[in-house]
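1. Just a sequence and a predicted model for now, questions to come.
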Amino acid sequence: MHMKTVSLRRWLQRYTPLLAALLVLLSGSLLVLLMARNVLLEEGQASARLVHDRLKSTLDSFALQSMPSLQRVALHCPAFIYNARLLALHNPYIRSISLGDADGRTIRCSTITGSKPQPLPPRQTSLRFLYLPNSPLVPNTSVLVLQLPLAGKQLYFGINRLLLNAIFPTRSEYLETYVTLGRYKLNAVAVLDDKPRIHHTVATNPYFSVGFAYTWSSFIRYVVYHYLAYWLLVVVLAVLVFQLLVRLLASEARLCGKISQGLARGQFHAFIQPVFTREGVLSGGEVLIRWIHPKDGFIPPDVFIKAAEHSGQINKLFSVLVQQLLATLGRPGVRLPIGFHLGLNISAPQLAQPALLTDCHALMAMLAPQQGVLVLELTERVEIPDNAACYGVLNQLKSEGARIAIDDFGTGHSSLIYLTRMQVDCLKIDKSFVDLIAEGSRTDIVDNVIDLARRLGMITVAEGVETAYQQAYLQQMGVDMLQGYYFARPMPLADFVRQYLPQRPA
């Protein structure tokens, strides 16, 4: 299990920068594509709406201008032809005006064929505006036909396709705006071919519908031409992320190397901060690790603890603390107070290591003569895996007399289920919450934590007590134990023994 964890850690350390850079590149590229697509769709919709409004307005004007004068002469063919020709002369897009039977099978009057009846081919559509690739009146020519009812008959406007050329905006290199007439899709100059396209319908009316389309190749060209600079920024960001993670991991690797050197050279030392009852009686101590480097001096735990946890070196650091505790507190002549509790921080990765039980058993044996208690203070930097193995280690130590505390409660991964599942004995109130205790300030968080612990039957320890006001307030609230600079700073084990522990004659 340990070998698999180490292998996985090494694999992540090696490939995390590359995976993160690829993730940034892929997500950034997708974002650029979505931006380009949205802008292209907006352009297509604007173009299609413009065509729709122009064409519908033109067709409506044909009807409004022509219907009154033609309706008066609908029953007299020569008069109809005369009036229709006048209308056609005044409109450059009207090629012909014809009047047919109500059934749409025969044209009776037309500006092209005159009064000679002209049969019409059967049509499979009832569209009011349609495209005929082959005009029935002028063979081998295409025509747009607007069909309207007139005095119980059918009125036909033959419209030149140049109308579409006039109403369409400037042609785009990337989009095809088109008018749909039946099964035909017409742009400004031609009928769209069957090339695969992505189609979007924008507007419809009783005459026609309007939409736009683009191909994947034109979309890619659009992205390259208009959004290449954005994509290059994404590439630069991915490279920066890669370089940053490489440096961070290299920095962590160097730190792990320094930790190994420090362990080999005895640079890590056990310090202890006394813990007092609310009456001010010494009741125990929290063991802390300190790194004293010969060149860099004192190195704060926040700098190296996280790296030690990730690399597995936290187990060796814990063993160093245990060895120093046994050597100092367990030597002949040192007498611990009855019921003295000794607190040591442990994190989730340590629960999977067999050495933890061995070290804990050694400390419990040292504390046993004075009925002392080992308290394992679980840090919340790393969430404890929800599996039987981790809880089994804690349950075994509890059955042997150890206690479980949650260190810095409320700042990490803790939850009510977390507390009850592990049968926690003690809550340590984090210094950041204790700092809120001041005259005139609100103390709801501290009060709620204390009330929660009391309801769950847990001992409370307040960390980071620095003022007399904080001490008095916590005493009043019934906190069981206190620690902080107000009472004593963390100190080397030898100083603690000399200052607080009575010496027995050798």
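-> Structure received. Residues are numbered from 1 along each chain as shown.
2. give me every residue that touches the residue lying farthest from the centre of the chain.
-> Largest separation from the mean C-alpha position in the chain: Pro78, at 75.1 Å (Cα atoms, centre = their mean). Residues in contact with Pro78 (Cβ atoms under 8 Å, 6 or more residues apart in numbering) are Ser115. All C-beta spots, glycine's among them, are computed from the backbone N, C-alpha and C.
3. Per-residue pLDDT of it, please?
-> Note on Pro78: pLDDT of 91.
4. Tell me the gap between the host helix or strand of it and the middle of its chain.
-> Here Pro78, judged by DSSP states H and E, is contained in helix 77-89. The chain centroid and the centroid of helix 77-89 are separated by 69 Å under Cα atoms, centre = their mean, to the nearest Å.
5. How far off centre is the helix or strand that it is followed by?
-> Using DSSP H and E, the next helix or strand after helix 77-89 towards the C-terminus is strand 94-100. Relative to its parent chain, strand 94-100 has a centroid offset of 62 Å by Cα atoms, centre = their mean.
6. for strand 94-100, packing partners?
-> helix 2-72, helix 77-89, strand 106-110, strand 153-159 (3 or more Cβ pairs under 8 Å, 6 or more residues apart in numbering; DSSP states H and E).
7. average pLDDT for stretch 362-382?
-> Computed over stretch 362-382, the average pLDDT equals 86.
8. in that stretch, what counts as buried?
-> By 16 or more other Cβ atoms under 10 Å, the buried positions in stretch 362-382 come out as 362-364, 366-367, 372-382.
9. what do you get for stretch 151-159?
-> 153-159.
10. Can I get that stretch as CSV, trimmed to CA atoms?
-> Extracted as CSV, the C-alpha positions of stretch 151-159 are listed here (Å, rounded to 0.1, in the frame of the first residue of the first chain):
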residue,chain,number,x,y,z
ALA,A,151,-61.6,39.0,-56.8
GLY,A,152,-62.0,35.2,-56.6
LYS,A,153,-59.0,34.6,-58.8
GLN,A,154,-55.3,34.3,-58.4
LEU,A,155,-52.9,37.1,-59.0
TYR,A,156,-49.3,36.3,-59.9
PHE,A,157,-46.3,38.6,-59.8
GLY,A,158,-43.3,37.3,-61.7
ILE,A,159,-40.3,38.9,-59.8
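11. List of residues touching it?
-> Taking Cβ under 8 Å, 6+ apart as the rule, stretch 151-159 contacts 62, 66-67, 70-71, 74-75, 93-102, 104, 107-108, 112, 135, 137, 143-149.
12. Can you list the residue ranges for strands in the stretch 351-500 of the chain?
-> Taking DSSP state E, counting those that start in this stretch as the test, the strands found in the stretch 351-500 of the chain are 373-378, 403-409, 426-429, 459-462, 481-482, 491-492.
13. So what are the sheet partners of the second one and their directions?
-> Pointing back at strand 403-409 there. On the basis of DSSP bridges, the sheet neighbours of strand 403-409 come out as strand 373-378 (parallel), strand 426-429 (parallel).
14. And for the last one?
-> Partners of strand 491-492 in the sheet, by DSSP bridges, are strand 268-277 (antiparallel).
15. mean confidence score for the partner strand?
-> In the prediction, strand 268-277 has an average pLDDT of 94.
16. which residues touch Phe304?
-> Counting by Cβ under 8 Å, 6+ apart, Phe304 makes contact with 255, 258-259, 291.
17. Ala402 and His361 touch, don't they?
-> No: using Cβ atoms under 8 Å, Ala402 is not in contact with His361, being 9.6 Å away.
18. who's more crowded, these two?
-> Using other Cβ atoms under 10 Å as the criterion, Ala402 and His361 rank with Ala402 on top: 20 against 14.
19. residues contacting the more buried one?
-> Contact analysis of Ala402 by Cβ under 8 Å, 6+ apart lists 360, 364, 373-376.
20. can you name the two of these that are farthest apart?
-> Cys360 and Val373 (11.8 Å; Cβ to Cβ).
21. Can you find the helix or strand of the protein with the lowest average pLDDT?
-> helix 416-422 (a mean of 65; mean pLDDT, DSSP states H and E).
22. So which elements touch the lengthiest strand in the chain?
-> Secondary structure of the chain per DSSP state E: the longest strand is strand 282-293. Other helices and strands packing on strand 282-293, by 3+ Cβ pairs under 8 Å, 6+ apart, are helix 216-264, strand 268-277, strand 297-299, helix 301-311, helix 314-329, strand 341-346, strand 373-378.
23. and the last one, C-alpha only, in CSV?
-> Read it as strand 373-378. Backbone C-alpha positions of strand 373-378 (Å, rounded to 0.1, in the frame of the first residue of the first chain) are rendered in CSV as follows:
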residue,chain,number,x,y,z
VAL,A,373,-3.0,9.9,28.8
LEU,A,374,-1.9,10.1,25.2
VAL,A,375,-4.0,12.5,23.1
LEU,A,376,-3.8,12.3,19.4
GLU,A,377,-4.7,15.6,17.9
LEU,A,378,-6.0,15.1,14.4
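24. Please renumber the chain so that the first residue is 188 from this point on.
-> In the new numbering, first residue 188, that becomes strand 560-565.
25. Next, the angle strand 528-533 makes with it.
-> Relative orientation of strand 560-565 and strand 528-533, computed by axes from the mean of the first three to the mean of the last three Cα atoms, to 10 degrees: 30 degrees.
26. What lies in contact with strand 560-565?
-> Outside strand 560-565, the residues within contact range by Cβ under 8 Å, 6+ apart are 471, 473, 526-535, 547, 550-551, 554, 571, 581, 584, 588-594, 609, 612-613, 615.
27. ok, now stretch 418-437?
-> Contact with stretch 418-437 is made by 200, 203-205, 207-209, 211-212, 215-216, 218-219, 410, as judged by Cβ under 8 Å, 6+ apart.
28. mind redoing it with 7 Å?
-> 200, 203-205, 207-208, 211-212, 215-216, 219 (Cβ atoms under 7 Å, 6 or more residues apart in numbering).
29. which of the residues in that stretch are buried?
-> Going by neighbour count (16+ other Cβ under 10 Å), the buried part of stretch 418-437 is 418, 421, 425, 428-429, 432.
30. All set now, cheers.
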